[in-house]
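# Sequence and predicted structure are below.
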Amino acid sequence: MRFEQLLEAKEIYDHRHENISDIIKPWAGGDKYIDPRDGFYWQFMEGKLILTSTENEYYSFIASMYQTASEEEQEIARRQNKQDFIKIPRINDQYSKISSMWNQLGGLVN
């Protein structure tokens, strides 16, 4: 894939976030954090581009949604079972748009 193809994305989902590893413990690549000012990880599939702050797209999604969540939603996100957080309608709607893209063609820009 050429970098220019990324510029042709029809949909862009920006799930970059602040480092909240002290609040939600990272897992499986979630510890490989890059500040949004320094770069991003990306996933691309069928005209959709996802930007994340960690190698783990799911962790970055949770962290990104956490930052815009209400206090009640944040409490749910801090629990061990993240599926409860995904079940919140607003979160689930966003999740359904990108979940088929996990582990697709991707890379790092820094």
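Yep, it's here.

# Measure how buried the spatially closest residue to Val109 that is not a sequence neighbour is and give me the count.
Excluding the flanking residues, the one nearest Val109 by C-beta to C-beta, 6 or more residues apart in numbering is Gly39, at 5.0 Å. In short, each C-beta sits where N, CA and C put it, glycine included. For Gly39, the tally of surrounding residues (other C-beta atoms under 10 Å) stands at 14.

# can you pull the contacts of Gly39?
Shown in contact with Gly39 (C-beta atoms under 8 Å, 6 or more residues apart in numbering): 108-110.

# Could you report the pLDDT at it?
According to the model's per-residue confidence, Gly39 sits at a pLDDT of 92.

# re the thing from before, quick one: least confident of the contacts of Gly39?
Pick the lowest pLDDT in the contacts of Gly39 and you get Asn110, at 72.

# I figured it hits Arg37, correct?
No: the pair Asn110 and Arg37 fails to qualify as a contact (C-beta atoms under 8 Å) at a distance of 10.5 Å.

# pull the CA atoms of the helix or strand harbouring Glu72 into CSV?
Glu72 belongs to helix 71-78 when elements are defined using DSSP states H and E. As requested, C-alpha coordinates have been extracted for helix 71-78 and formatted as CSV (Å, rounded to 0.1, in the frame of the first residue of the first chain):
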residue,chain,number,x,y,z
GLU,A,71,-18.9,10.0,34.9
GLU,A,72,-21.3,7.1,35.0
GLU,A,73,-20.0,5.7,31.7
GLN,A,74,-16.4,6.2,32.9
GLU,A,75,-17.1,4.1,36.0
ILE,A,76,-18.4,1.3,33.8
ALA,A,77,-15.2,1.5,31.6
ARG,A,78,-13.0,1.2,34.7
